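> what's the 3D shape of this:
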Amino acid sequence: MGSASFVILEHDYSQFLSVLEKINRETNAKLVFLLDKAGRQIASTGEMAEVDPTSLASLAAGNVAATEGVAQLVGEEEFATLFHEGRHDNIHISVVSNRVILLIVFDERSSLGLVRLRVDQSAPQLVQICKKVEERADSGEGAAALAATTAPFAEITDEDIDALFG
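All right, here's what the predicted structure looks like:
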């Protein structure tokens, strides 16, 4: 994948969220979280009240990066799936594309087998959405689309704002 910016538009977000909601529903997970490898949240669904999404995203991305280093040390290209078992909650982390990480937090209402099955079934959809975003970015459409969404505000000047609120 190129180094072009990864610009996610509203319809991309809606597609990601639809897949995450399906995973959440079908696994009875507490939280389903999608982030990029740089540690930025893309989309999430589930019980977010007690979770700091910024910390979760950056720590999960760091976990994946550290595991990639371990994989290289033992002669593997990567370990695409990580699992952390806790006393009450478990975390399943999957690298689903070259750039995107899927994190699922679940408890006794679900099982690792069910989570793995649903991730395997849903990963191709996530990869396809990522591919479209990457193709748009590589062609330059991503930046143009982002500029188009902010263009209506480009003609507003400081004087206009001062006149409105002055």
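
> quick one, helices of this structure?
10-27, 53-73, 112-139, 141-150, 158-165 (DSSP state H).

> can you redo the ones you listed as TSV with distance to V95 and mean pLDDT?
For every residue, glycine as well, the C-beta is placed using N, CA and C. Compiled in TSV, the helices of the chain are given as follows (distance: least, CB to CB, whole Å; pLDDT from 0 to 100):
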stretch	distance to V95	mean pLDDT
helix 10-27	15	96
helix 53-73	6	94
helix 112-139	10	93
helix 141-150	22	53
helix 158-165	44	75
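
> can you redo the ones you listed as a markdown table with distance to I91 and mean neighbour count?
Converted to a markdown table, the helices of the chain look like this (distance: least, CB to CB, whole Å; neighbours: other CB atoms under 10 Å):
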| stretch | distance to I91 | mean neighbour count |
| --- | --- | --- |
| helix 10-27 | 13 | 17 |
| helix 53-73 | 8 | 15 |
| helix 112-139 | 10 | 16 |
| helix 141-150 | 31 | 13 |
| helix 158-165 | 45 | 8 |
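
> same list, those, but as a markdown table with distance to I42 please.
Written out in a markdown table, the entries for those read as follows (distance: least, CB to CB, whole Å):
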| stretch | distance to I42 |
| --- | --- |
| helix 10-27 | 6 |
| helix 53-73 | 9 |
| helix 112-139 | 10 |
| helix 141-150 | 14 |
| helix 158-165 | 32 |
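
> of all these, which lies closest to T81?
When the helices of the chain are ranked by distance to T81, counting by CB to CB, first place goes to helix 112-139 at 7.6 Å.

> so which elements touch that closest one?
Secondary-structure packing of helix 112-139 (3 or more CB pairs under 8 Å, 6 or more residues apart in numbering; DSSP states H and E): helix 10-27, strand 90-95, strand 100-106, helix 141-150.

> how far off centre is it?
How far helix 112-139 lies from its chain's middle: 10 Å, per CA atoms, centre = their mean, to the nearest Å.

> now the angle from that helix to strand 90-95?
Regarding helix 112-139 and strand 90-95, their directions subtend 30 degrees when assessed with axes from the mean of the first three to the mean of the last three CA atoms, to 10 degrees.

> what's the angle from helix 112-139 to helix 10-27?
Angle, helix 112-139 to helix 10-27, by the same axes, to 10 degrees: 170 degrees.

> tell me which of the helices and strands packed on helix 112-139 sits nearest to I129.
Among the helices and strands packed on helix 112-139, helix 10-27 comes nearest to I129, with 4.9 Å by CB to CB.
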